[in-house]
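> Quick one: sequence and predicted model below, then my questions.
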Amino acid sequence: MGILNITPDSFYDGAHFLTHDAALKRAMQMVDEGVDLIDIGGESTRPGAPAVPLNEELERVLPIIKALRDVGVPLSIDTHKPEVMRAALAEGADLINDIWGLRQPGALELVQQSACGLCVMHMSGTPQTMQRAPSYQDVVAEVAAFLHVRIAELEAAGIARSRISVDPGFGFGKTLEHNYTLLAHLAQLAPADVPLLIGLSRKSMLGAVIDRPASERAAASIAGAICAAERGAHGIRGKVGELPITPDFVLRLGYVAGKVLAGA
Ligand SMILES: Cn1cnc2c(O)nc(N)nc21
């Protein structure tokens, strides 16, 4: 899942506001790299990010969806607003990626009326508050329980299980230790028949380990993605230059790493 943030304050693309042409150029780069999906977002979800008014979010994402809908890969809309979901689907988006797990008023009803794919993510608190003091009795059990319950609630609302993927939400109400505990136990988070998506690209859980700014975390992002792929993640959300983390890529890199480590 290639990340396309159309936001002036997203923690990495914030180096410059992505103009329409720059956004399309980046999208084509990702298509050339072989991404399976492009995730388009008009409101930064990093901790403490300011909320974006509905009309501004629409103005950011709809022209990009329109320009990319025939580019040959499915598009997802990264939003929690039902109005943005509806407009994005009408413009050609294929999947809703909602960090709120469709818990905002109106989101569930919208999804009941459509046939799009879904990614339901775990978040504790809100982007404005989630990193203040994250705490869990057992982060793996609690995130797994949230994802299982949310899947059951969506199915009870008439949403086909085959539309649903889930995501532990690295960095969304988690300490560094919570994030790495979740990464180590990915296989326990979702039912075997529900795809697991993860996103750790350039996040602070990587920065804390390598002590590098977001612009210098590409290698760490790939390493984290390979760890996640080896632990059962089906989808990886990442930036240009970090994808695709295909099984073959993981095997080849693992083979090379093994040779290097063996001193061969
Ligand atoms: C929008 N967004 C930011 N981080 C994310 C993550 O880790 N997963 C998903 N599904 N979306 C994310």
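Looks like it came in fine.
> how about the helices in the stretch 1-150 of the chain?
20-33, 54-68, 82-91, 107-112, 139-156 (DSSP state H, counting those that start in this stretch).
> Buried deepest among these, which one?
Counting by mean count of other C-beta atoms under 10 Å, helix 82-91 has the highest mean neighbour count of the helices of the stretch 1-150 of the chain, with a mean of 20. (Each C-beta comes from the backbone N, C-alpha and C, glycine too.)
> which residues are in contact with it?
For helix 82-91, the external contacting residues (C-beta atoms under 8 Å, 6 or more residues apart in numbering) are 40, 42, 54, 57-58, 61-62, 65-66, 69, 75, 77, 79, 96, 98, 104-107, 109-111, 114, 116.
> Same question for stretch 229-246.
By C-beta under 8 Å, 6+ apart, the residues outside stretch 229-246 that reach it are 1-3, 12, 26, 29-30, 33-37, 39, 165, 167, 183-187, 195-199, 201-202, 218, 221-222, 225-226, 228, 247, 250, 254.
> ok, back up a step: columns distance to Gln131 and mean pLDDT on top of the helices of the stretch 1-150 of the chain, output as CSV?
Below are these laid out as CSV (distance: least, C-beta to C-beta, whole Å; pLDDT from 0 to 100):
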stretch, distance to Gln131, mean pLDDT
helix 20-33, 27, 89
helix 54-68, 22, 95
helix 82-91, 24, 98
helix 107-112, 23, 97
helix 139-156, 14, 98
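> contacting residues for the closest residue to Lys81 other than its chain neighbours?
Take Lys81 and drop its neighbours on the chain: the residue closest to it by C-beta to C-beta, 6 or more residues apart in numbering is Leu54, 6.0 Å away. Leu54 makes contact with Lys81, Glu83, Val84, according to C-beta under 8 Å, 6+ apart.
> Val194 reaches Arg161, doesn't it?
Yes - using C-beta atoms under 8 Å, Val194 is in contact with Arg161, at 6.9 Å.
> out of those two, which sits in the busier spot?
When Val194 and Arg161 are compared for neighbours, Val194 comes out ahead with 17 against 12, by other C-beta atoms under 10 Å.
> returning to what we had before: now do the shared contacts for Val194 and Arg161.
Taking C-beta under 8 Å, 6+ apart as the contact rule, Val194 and Arg161 both touch Ile151.
> Tell me who's in contact with Ser76.
By C-beta under 8 Å, 6+ apart, the neighbours of Ser76 are Met1, Leu37, Ile38, Asp39, Ile40, Ala93, Asp94, Leu95, Ile96, Asn97, Gly117, Cys119.
> and with 6 Å instead?
Contacts for Ser76 (C-beta atoms under 6 Å, 6 or more residues apart in numbering) come out as Leu37, Asp39, Leu95, Asn97.
> quick one: Ile236 from the ligand, how far?
From Ile236 across to the ligand, the span is 10 Å (C-beta to the nearest ligand atom, to the nearest Å).
> no, scratch that, I was asking about Leu62
Note on Leu62: its distance to the ligand, by C-beta to the nearest ligand atom, is 18 Å.
> which residues are contacting the helix or strand containing Gly258?
Using DSSP states H and E, Gly258 falls within helix 247-261. With contact meaning C-beta under 6 Å, 6+ apart, helix 247-261 is reached by Ile226, Ala229.
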